[in-house]
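Student: Give me coordinates for this.
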Amino acid sequence: MKTILVAEFHQETNSFNPWPTTRKDFERRQVSTGKQILETGQQLELTGMLQAIQEADGRVIPVCALKAPSGGPVVQEIAEDFLHQMICAIRAAKHVDGIFLSLHGATQTIEWEDACGEIIEACRKEAGSQVVIATSADLHANITQKWAANADIICGYRSYPHVDLLETGYRAARLGMMILQGRKLSMVRVSVPMLVPANLYTSVAGPFKEVIEEAKDLVNCQTLLDCSVFQMQPWLDVSCASGAVVIAIDENPLNAETYAHQLALHLFQVRKDFRPALQSIDQVIDLSLTNETKKPVLLVDAADSANAGSTGDSAAVLEALLRHEKKPRTAMIINDAPAVALAFQTGIGKVVEFRLGGTRNPTLFSPVVAEGYVKSLHDGAFRLETAAYRGVRIEIGPTAVITVGESDIVLCHAMMMNGDPQIYRGFGLEPTFYKMVVVKACTSFREAYAQISDIVCYTDTPGAASADLASLPFQKVPSSFYPFTDLSELEI
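Tutor: This next block holds a predicted model:
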């Protein structure tokens, strides 16, 4: 019987978010050890890994799971604590056949640009060359050379919005167990030096879908054992940036290399098709005023998406609404702890002057001063409706709903999972009752919001997750990357 250590470390870093991700942020999602990490009831990566290990008659030793929302770089001691628990578990087990890790992959700490690479390298050094290391990763992971050099298996999500988390964990563990059963598998990594906005690299439609479908077909037709296409989340400013990466796995090394190169070239050829057409805030407001479909207009404020690591405290849409003579009935959300405190202090049913927005990233956002009616007060807990996380409980801290003119505004302490309509419904705001709904997300909203409206307007707004990558203060990403350099051909 093969003995497998399993663990999880998830956080997506936005280098332009000035607020570090702390222990408290991890505690809002998950900090657990031992059997607790397998008893969440969630059909996510570790569940898939467990299933594959059990099918191969393996023995599981659960170590720990640390998960946090997207945000600024992680406080160093948290990553080191995770690594310490892994090293102690390897030593305590005395004999380990495999280490299977569920990682996000686009994780930066205060000291480590490549946190996941550092973790895998340290586990390899401690466990030795004979131990099989299999990892699952987010589609937005930064799959560095260090990561690939120390892992035997890397499998990434094949969907964005992400709906195949369990399946990805299962794939990684199944391939890891195949190696432990004597199969000789080769993994080929090909990197493409390109960063593109996250808005359009969806697996639902467009150029990225074509590449993803090609990768899936190679596996479904049994041309390859496994294939993953990664497009690094573009707000990670690190010198070890991988850009886009194709991972091909097969028993035939030449076969894996051939198709990895083919997919990498396809991805490079469509690099210019990822920039979204953005409308101004005023244009979207005007559309919502004339819209007669009985569906709300979705104003997509992707640049301030907390899911992409932005701070969520932009009030730019509210500022534009206040300038308009006619105002559509609007639902929006702003990450603003001081405004929440004022609402609680004021009490339900009363009016007070608020300064809204600009509390977390004042270099990007300015506050908007307006009188607001305190509509309701909440503890900030709600459950998600999106398929992959359905029923998962989320806490965004003390939360208030206020009304400013024709706008109902959710004010919270710690915005997360903001692409799920329950971030409104959980606090009494039904999106279908509004003419315009502000969605602070890049693509994660598409699955659930498809049931609400097909009028999707990507909007030109400020934020740390801006689609205009050239406007952001990158300092470390290689200048040879597209779009900073318009490469004419891909060198592999």
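Student: Going along the chain, name the helices of the stretch 251-400 of the chain.
Tutor: Counting by DSSP state H, counting those that start in this stretch, the segments of the stretch 251-400 of the chain that form helices are 253-269, 281-290, 316-323, 337-346.
Student: want to throw these into JSON lines with mean neighbour count?
Tutor: Placement of C-beta: from N, CA and C, glycine included. Formatted as JSON lines, the helices of the stretch 251-400 of the chain follow (neighbours: other CB atoms under 10 Å):
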{"stretch": "helix 253-269", "mean neighbour count": "19"}
{"stretch": "helix 281-290", "mean neighbour count": "18"}
{"stretch": "helix 316-323", "mean neighbour count": "20"}
{"stretch": "helix 337-346", "mean neighbour count": "18"}
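Student: I'd like those laid out as JSON lines, including mean pLDDT and distance to Gln222.
Tutor: As requested, those are arranged in JSON lines below (pLDDT from 0 to 100; distance: least, CB to CB, whole Å):
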{"stretch": "helix 253-269", "mean pLDDT": "95", "distance to Gln222": "11"}
{"stretch": "helix 281-290", "mean pLDDT": "97", "distance to Gln222": "46"}
{"stretch": "helix 316-323", "mean pLDDT": "97", "distance to Gln222": "49"}
{"stretch": "helix 337-346", "mean pLDDT": "98", "distance to Gln222": "53"}
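Student: Format those helices as CSV; extra columns: distance to Phe354.
Tutor: Formatted as CSV, the entries for the helices of the stretch 251-400 of the chain read as follows, by distance: least, CB to CB, whole Å:
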stretch, distance to Phe354
helix 253-269, 46
helix 281-290, 20
helix 316-323, 10
helix 337-346, 5
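Student: Out of those, which gets nearest to Leu66?
Tutor: Among those, helix 337-346 comes nearest to Leu66, with 23.7 Å by CB to CB.
Student: Does the nearest residue to Gly34 once chain neighbours are set aside fall in a helix, a strand, or a coil region?
Tutor: The spatially closest residue to Gly34, leaving aside those adjacent along the chain, is Pro62, at 5.7 Å (CB to CB, 6 or more residues apart in numbering). Reducing the assignment to helix, strand or coil with DSSP: H, G, I helix; E, B strand; the rest coil, the entry for Pro62 is strand.
Student: Mind pulling the model confidence for Pro62?
Tutor: The per-residue pLDDT reported for Pro62 equals 97.
Student: quick one: it and Leu38 touch, right?
Tutor: Yes - in this structure Pro62 lies within contact range of Leu38 using CB atoms under 8 Å: 5.3 Å.
Student: what do the two both touch?
Tutor: Overlap between the neighbourhoods of Pro62 and Leu38 consists of Val6, taking contacts as CB atoms under 8 Å, 6 or more residues apart in numbering.
Student: do you know which of the helices of the stretch 251-400 of the chain lies nearest Ser305?
Tutor: Distances from Ser305 to each of those were compared using CB to CB; the shortest belongs to helix 316-323, at 13.3 Å.
Student: Which other helices and strands does the closest one contact?
Tutor: For helix 316-323, the elements it packs on are helix 281-290, strand 330-335, strand 368-378, strand 407-412, judged by 3 or more CB pairs under 8 Å, 6 or more residues apart in numbering; DSSP states H and E.
Student: Identify the residues contacting Ser479.
Tutor: Residues near Ser479 by CB under 8 Å, 6+ apart: Thr485.
Student: And the pLDDT for it?
Tutor: In this model, Ser479 is scored at 86, pLDDT.
Student: and it, that one's in a strand?
Tutor: No - secondary structure of Ser479, determined by three-state DSSP: coil, with no strand assignment.
Student: picking that back up, around the residue nearest to Gly34, how many other residues sit close by?
Tutor: The local packing of Pro62 (other CB atoms under 10 Å) involves 21 other residues.
Student: Identify the residues contacting it.
Tutor: 6-7, 33-38.
Student: Quick check: of those, which has the highest neighbour count?
Tutor: Per-residue neighbour counts (other CB under 10 Å) across the contacts of Pro62 peak at Val6, which has 27 neighbours.
Student: Secondary structure of that residue: a strand, I assume?
Tutor: Yes - following the definition three-state DSSP, Val6 is counted among the residues of a strand.
Student: Grab the nearest non-local neighbour of it.
Tutor: Beyond its immediate neighbours in the sequence, the residue positioned closest to Val6 (CB to CB, 6+ apart) is Phe100, lying 4.9 Å away.
Student: Dig out what the one you found forms beta bridges with.
Tutor: Legend: beta-bridge partners of Phe100 under DSSP bridges are Val6, Ala134.
Student: residue contacts, it?
Tutor: Contacts of Phe100 were listed using CB under 8 Å, 6+ apart, and they are 4-6, 49, 53, 133-135, 172-173, 176.
Student: top of these by neighbour count?
Tutor: Most crowded among the contacts of Phe100, counting by other CB under 10 Å, is Ala173 at 33 neighbours.
Student: That residue contacts Met49, doesn't it?
Tutor: Yes - look at Ala173 against Met49 with CB under 8 Å: they come within range, at 4.0 Å.
Student: ok, how many other residues are close to Glu39?
Tutor: For Glu39, the number of neighbouring residues by other CB under 10 Å comes to 10.
Student: any low-confidence regions in the stretch 101-250 of the chain?
Tutor: Counting by pLDDT under 70, the stretch 101-250 of the chain has no low-confidence residues at all.
Student: Arg327 is in contact with Asp408, isn't it?
Tutor: Careful, residue 327 is Lys; it's not Arg. No - between Lys327 and Asp408 there is no contact, the gap being 12.0 Å when judged by CB under 8 Å.
Student: Please identify which of the two sits among more neighbours.
Tutor: Shown here are Lys327 and Asp408; by other CB under 10 Å, Asp408 has more neighbours (23 against 19).
Student: Show the end-to-end separation of stretch 325-332, please.
Tutor: With CA to CA, to the nearest Å applied, stretch 325-332 spans 19 Å between its terminal residues.
Student: ok, so of the contacts of Phe100, who is nearest Phe382?
Tutor: Proximity of the contacts of Phe100 to Phe382 (CB to CB) peaks at Met49, which lies at 28.2 Å.
Student: which SSE is the closest one in?
Tutor: helix 45-55 (DSSP states H and E).
Student: Could you pull up the mean pLDDT of that helix?
Tutor: Per-residue pLDDT values over helix 45-55 give a mean of 96.
Student: Distance of the residue nearest to Val6 relative to Glu126?
Tutor: Distance, Phe100 to Glu126, by CB to CB, to the nearest Å: 15 Å.
Student: Ala316 now?
Tutor: From Ala316 across to Glu126, the span is 48 Å (CB to CB).
Student: And for Gly391?
Tutor: The gap separating Gly391 from Glu126 is 37 Å, by CB to CB.
Student: neighbour-wise, which of these two wins?
Tutor: When neighbours are counted by other CB under 10 Å, Glu126 comes out ahead of the other of Gly391 and Glu126, with 17 against 10.
Student: what residues are up against the more buried one?
Tutor: Neighbour list for Glu126: 86-87, 90-91 [criterion: CB under 8 Å, 6+ apart].
Student: what's the helix holding Met49 packed up against?
Tutor: Secondary elements touching helix 45-55 (3+ CB pairs under 8 Å, 6+ apart): strand 3-10, strand 59-67, strand 98-103, strand 132-137, helix 165-180.
Student: The second one versus strand 3-10: what angle between them?
Tutor: Read it as strand 59-67. Strand 59-67 and strand 3-10 meet at an angle of 10 degrees, taking axes from the mean of the first three to the mean of the last three CA atoms, to 10 degrees as the criterion.
Student: before we move on, the earlier item: nearest to Lys440, of the contacts of Glu126?
Tutor: With CB to CB as the yardstick, the closest approach to Lys440 among these comes from Met86, at 34.3 Å.
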